[in-house]
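> Next one to model:
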Amino acid sequence: MSGPQVAIDLGRIERNARTIVERCALSGIKVFGVTKGTCGMPQVARAMLRGGVAGIAESRFENIRRLRDSGINAPIMLLRSPPMARVEEVVRTVDISLQSELATIREISRIAERMGRVHDIMLMIDLGDLREGIWPNDLIPTVEQILQFKGVRIAGIGTNLGCFGAIMPTPENLGQLVAHAYKTERLSGKSLDWISGGASSSLPLLLEGKLPAGINNLRVGEAILQGGVETFRDTPWAELEPDACRLTSDIIEVKLKPSRPIGQSGYDAFGNQPVFPDEGDRLRAIANNGREDVLVEGLTPIAKGIRVLGASSDHLLLDVADADPPPAVGDRVAFRMSYGAMLLAMTSEYVEKAPMHDVEDFSGRKMVQITAEQGAAGILAREGTGARLEAMNFDVVELADVERPPSGLIRLTAGADRRIAHKALTAAARATHSFGLIWIDSIAALMPEDEDGIDLPQGSV
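Numbering: from 1, shown residues only. Got it, this is the predicted structure:
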């Protein structure tokens, strides 16, 4: 590790998902786990699925492709309406999509009919947050037109609250959602599969017993990934675990300096005119990440006595005068992240992502870890290898940065040619002193191949 890193505790994510799923189930609500905060990381999706979520919710096709290529066959919900050029990808790759624009729904129907399919949509209604959604007065005429499309089915009604206008879910606005859902059912003559009452921000109403009856779906990301720190704020849900995702950075400078810059003040690199209080000389440190990597305002140092002063694009300035002991050059400092900070850190190519699992969490379980080169990954996904193994009561797991793999772990390594065998054997030798090997090959030979796929002479073995 030589730079900033986000450590992702998959055990915490799984446990948070299970806590939320079990509580929601008491009210007849199924949860879709939202993975967009981690760029659709398959390890995170699998942790959520082990925790019992009914499906995965994502907003970007790149992330959905990553999930499918990793062998995840659980239902996937598309959270954002697609551009017209990618409508076919919607029909091919996701099970249900959130829609609000009639022209897009019409095109989805046309493509789905051409492919001999019927695509499920969740019709979004704007209840005041002013992001996506049909205005309530337009719902009935919109539904009437959609019912004429043969390639789509209105599988649900949903809303988004809190993400743009900061409008919070209430019994009143979610009650309106349920009423609109019932209107849609009467008009179509069919029951809806889903009435989706929003995201993590609706969970406080659930715990208070104020979530309107009829809502049977929530799309939850923050509460699973961060333990609801931002959702609950002053009254945390005690059973949820925070800090599933932490940022660590290297200290590259520690010096005693004035607390107030010296010279004529102007604008910083981001067009701001910062103001610094004069606190005298203070011990300051610089960490090797900045605004290009993370939302600096969303960082909270975990160690006591450290304060974030600000950042440029690639330098994070810290006050460490009150730290005991203060960090030295070469030390690493850890930060809690807000949801916004996590989004940027997970997106930055300069920040390493390290999904990790507590080995003790796997005791007594039958586990398979799948590693596939690009050519083989698509085949495994197409054949549903992960789902078939899970049907055989194996847990398909992702273990990263674990010094000692759990006892009984089976590693399934797949590649396009026999060169993958050398990589698999090398990895196995690093992981354990003794192991068993099952080698499945399309050719009854152990000779390696050259770059063109031609068997090399026997003497090269």
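> and the gap between the residue nearest to residue 266 when sequence neighbours are not counted and residue 319?
In this structure, residue 266 finds its nearest non-sequential neighbour in residue 273, 7.4 Å apart by Cβ to Cβ, 6 or more residues apart in numbering. C-beta here means a position set from N, CA and C on the backbone, and glycine is covered the same way. Distance from residue 273 to residue 319, counting by Cβ to Cβ, to the nearest Å: 20 Å.
> Residue 20 now?
Taking Cβ to Cβ, one finds residue 20 at 37 Å from residue 319.
> Over to residue 271?
Applying Cβ to Cβ to residue 271 and residue 319 gives a distance of 24 Å.
> between the two, which one's more packed in?
Taking other Cβ atoms under 10 Å, residue 271 and residue 319 do not tie; residue 319 has more neighbours (19 against 6).
> Report pLDDT for the more buried one.
If you check residue 319, the pLDDT there is 97.
> What of residue 367?
For residue 367, pLDDT reads 78.
> got any ranges where the chain has weak pLDDT?
1-2, 358-365, 374, 398-408, 427-436, 443-461 (pLDDT under 70).
> Give me the longest helix you can find in it.
In the chain, with assignment by DSSP state H, the single longest helix is helix 171-188.
> Report the distance from that helix to the chain centre.
30 Å (Cα atoms, centre = their mean, to the nearest Å).
> what's that helix in contact with?
By Cβ atoms under 8 Å, 6 or more residues apart in numbering, the residues outside helix 171-188 that reach it are 123, 125, 127-128, 136, 139-140, 143-144, 147, 154, 156-159, 161, 167, 191-192, 195, 197-198, 202, 205, 210-215.
> again, but for stretch 380-388
Contacts of stretch 380-388 (Cβ under 8 Å, 6+ apart): 68, 69, 70, 71, 72, 73, 370, 372, 396, 412, 414.
> any idea how far the second one lies from residue 221?
With distances defined as Cβ to Cβ, the gap from residue 69 to residue 221 amounts to 21 Å.
> higher neighbour count, these two?
Comparing residue 69 with residue 221 by other Cβ under 10 Å, the one with more neighbours is residue 221, at 24 against 16.
> Find the nearest non-adjacent residue to the more buried one, please.
Residue 221's closest residue in space is residue 34 (Cβ to Cβ, 6+ apart), at 3.1 Å.
> any chance you could map the strands in the stretch 301-450 of the chain?
In the stretch 301-450 of the chain, the strands defined using DSSP state E, counting those that start in this stretch lie at 307-311, 316-319, 332-337, 352-356, 367-372, 395-396, 410-414.
> Oops, could you answer that again for the stretch 101-250 of the chain instead?
Using DSSP E, counting those that start in this stretch, the strands of the stretch 101-250 of the chain run over 119-124, 152-158, 194-196, 217-220, 245-258.
> which helices and strands does the third one pack with?
Strand 194-196 makes packing contacts with strand 152-158, helix 171-188, strand 217-220 when contacts are defined by 3 or more Cβ pairs under 8 Å, 6 or more residues apart in numbering; DSSP states H and E.
> Could you single out the most deeply buried of these?
strand 217-220 (a mean of 26; mean count of other Cβ atoms under 10 Å).
> what does it contact?
Residues outside strand 217-220 that contact it (Cβ under 8 Å, 6+ apart): 20, 24, 29-34, 53, 57, 77, 79, 156, 158, 194-200, 202-203, 206.
> With stretch 22-36 instead?
17, 20-21, 41, 44-45, 48-49, 51-60, 63, 67, 75, 77, 79, 197, 199, 206-207, 211, 215-221, 224.
> Can you list the buried residues in that stretch?
23, 24, 29, 30, 31, 32, 33, 34, 35, 36 (16 or more other Cβ atoms under 10 Å).
> now swap in stretch 320-328 and tell me
320, 321, 323, 326, 327.
> May I see the strands of the stretch 301-450 of the chain arranged in JSON lines, with distance to residue 442 as well?
Formatted as JSON lines, these follow (distance: least, Cβ to Cβ, whole Å):
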{"stretch": "strand 307-311", "distance to residue 442": "53"}
{"stretch": "strand 316-319", "distance to residue 442": "51"}
{"stretch": "strand 332-337", "distance to residue 442": "46"}
{"stretch": "strand 352-356", "distance to residue 442": "32"}
{"stretch": "strand 367-372", "distance to residue 442": "16"}
{"stretch": "strand 395-396", "distance to residue 442": "23"}
{"stretch": "strand 410-414", "distance to residue 442": "12"}
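> any idea which of the ones you listed is most buried?
The highest mean neighbour count among the strands of the stretch 301-450 of the chain, using mean count of other Cβ under 10 Å, belongs to strand 316-319: a mean of 23.
> got the contact list for residue 294?
Residue 294 sits next to 4, 247, 337, 341, 344, 345, 348, 351 when contact means Cβ under 8 Å, 6+ apart.
> Return the member of those nearest to residue 253.
residue 4 (15.4 Å; Cβ to Cβ).
> Outline the domain layout of the chain.
The chain breaks down into these domains under automatic domain parsing: 10-229, 245-261+278-354, 359-455.
> could those domains be laid out in CSV, adding distance to residue 236?
Formatted as CSV, the domains of the chain follow (distance: least, Cβ to Cβ, whole Å):
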stretch, distance to residue 236
domain 10-229, 6
domain 245-261+278-354, 14
domain 359-455, 23
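> Number of residues surrounding residue 421?
Applying other Cβ under 10 Å, we find 16 residues neighbouring residue 421.
> so what's it closest to, chain neighbours aside?
Nearest non-adjacent residue to residue 421 (Cβ to Cβ, 6+ apart): residue 439, at 6.5 Å.
> For the protein, which segments count as helices?
10-25, 42-50, 61-69, 87-93, 102-114, 139-146, 171-188, 203-208, 222-225, 229-232, 339-347, 374-382, 385-391, 419-431.
> and of these, who's closest to residue 280?
Between the helices of the chain, helix 339-347 lies closest to residue 280; by Cβ to Cβ that is 29.6 Å.
> and the angle for the closest one with strand 352-356?
Angle, helix 339-347 to strand 352-356, by axes from the mean of the first three to the mean of the last three Cα atoms, to 10 degrees: 100 degrees.
> And residue 9, how far from residue 43?
11 Å.
> in stretch 36-52, what counts as buried?
36-52.
> Repeat that for stretch 73-91.
For stretch 73-91, using 16+ other Cβ under 10 Å, the buried residues are 74, 76, 77, 78, 79, 81, 82, 87, 89, 90, 91.
> closest to residue 267 among those?
For the buried residues of stretch 73-91, the nearest to residue 267 is residue 79 (36.9 Å; Cβ to Cβ).
> what about the closest one, distance to residue 199?
From residue 79 to residue 199 the distance is 10 Å (Cβ to Cβ).
> what does residue 368 give?
For residue 368, the distance to residue 199 - Cβ to Cβ - is 32 Å.
> before we move on, the earlier item: what's the burial count for the residue nearest to residue 266?
Number of residues near residue 273 (other Cβ under 10 Å) recorded here: 8.
> List phi and psi for it.
With angles defined as degrees, to the nearest 10, residue 273 sits at phi -110, psi 90.
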